[in-house]
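[1] dropping the sequence and predicted coords here.
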Amino acid sequence: MKALQDLEIRYFGVRYRTSKRELKATKLLKKRTYKHAKQLPLFPDDERRNLAKQCLENGETATKRQLTALAQAKLAYVRETFTLCSRFRCKVFASIVSPDSPTPSRSHLRKDYAYLFERFFYFLEDRDTTSSGIIVFDELERSQSHILIQQMDQYFKRATKGKQMSGQIIPEPFFVHSDLTTGIQLADFVAYITSWNIRFDGMTKPKERPEFDDLAEQIRNLRYRATREVNGDPNYQVWSFSVITDLRAKEDRLET
């Protein structure tokens, strides 16, 4: 986390994150950022940092040069964030859900969570069978949090796969504020870029932000690949990104 905080100083001259500013993908990677970044040629690193700092300090009175430098600094910061993740051997996991996926009943854990936990479990299992993993969520509305906790509790206690995974995944999640938790902000970058750009087989919606291609490639390289026996194939590859077209658990599908 310290390395990520140091990046803020390196690219913005000051800590970008304040009580009024978040390092959110919707702010750093919006279309206007790319438009501003192209207004002028790329600035040298030191000049870009100084101008970006001035832009953050000057606010609405910022000049064109300062706005351009800040936009360039935002894009460079996100790229370097993923480079840093690779350097520290971080892995990313995602369940990509179709917008028209059937939804489950309130009593069963959604399939996107189940798939995500399964792939996280494979990662932990491959590292060391004594390793433990924790699940951290961006804070939800209180009643939604309680429902999710109950669903996870039932899944890890009663489902066959859930009981197996509970040996390495702590079955009770933590809820945190995204503006105070660096890890959640990294997940926000991954989710935002994935939703707008990354496409796999079976996904029919075209990518809408081709300018994310370089960032999407960095994310692809951070995925984890496990090998498990599936349907008689001992070398079946299970990637940490899965595409979900039906959110219902088996029990929900049998009831309909």
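    Right, received. Where do you want to start? None of these values were measured; they are calculated from a predicted model.
[2] pLDDT at residue 252, what is it?
    Looking at residue 252, its pLDDT stands at 62.
[3] do the same with residue 44
    In this prediction residue 44 is given a pLDDT of 98.
[4] also residue 105?
    66.
[5] try residue 2
    pLDDT, read off for residue 2, is 84.
[6] where does it fall, phi/psi-wise?
    Here is the backbone geometry of residue 2 (degrees, to the nearest 10): phi -60, psi -40.
[7] what's the neighbour count on it?
    The criterion is other CB atoms under 10 Å. On that basis, residue 2 has 7 neighbouring residues. Quick note: C-beta positions are derived from backbone N, CA and C, even for glycine.
[8] and it, how close does it get to residue 34?
    Here the criterion is CB to CB, to the nearest Å. By it, residue 2 lies 29 Å from residue 34.
[9] likewise residue 86?
    23 Å.
[10] the two - which one has more neighbours?
    residue 34 (15 against 12).
[11] helix, strand or coil for the closest residue to that one other than its chain neighbours?
    Once flanking residues are discounted, residue 34 sits nearest to residue 211: 5.3 Å by CB to CB, 6 or more residues apart in numbering. Secondary structure state of residue 211, per DSSP: H, G, I helix; E, B strand; the rest coil, is helix.
[12] residue 211 is in contact with residue 33, isn't it?
    No. Counting by CB atoms under 8 Å, residue 211 does not reach residue 33; the two are 9.6 Å apart.
[13] and those two? Which one has more around it.
    Between residue 211 and residue 33, residue 33 has the larger neighbour count (other CB under 10 Å), namely 20 against 17.
[14] any idea of the mean pLDDT in the helix or strand hosting that one?
    Per DSSP states H and E, residue 33 falls inside helix 31-37. For helix 31-37, mean pLDDT is 97.
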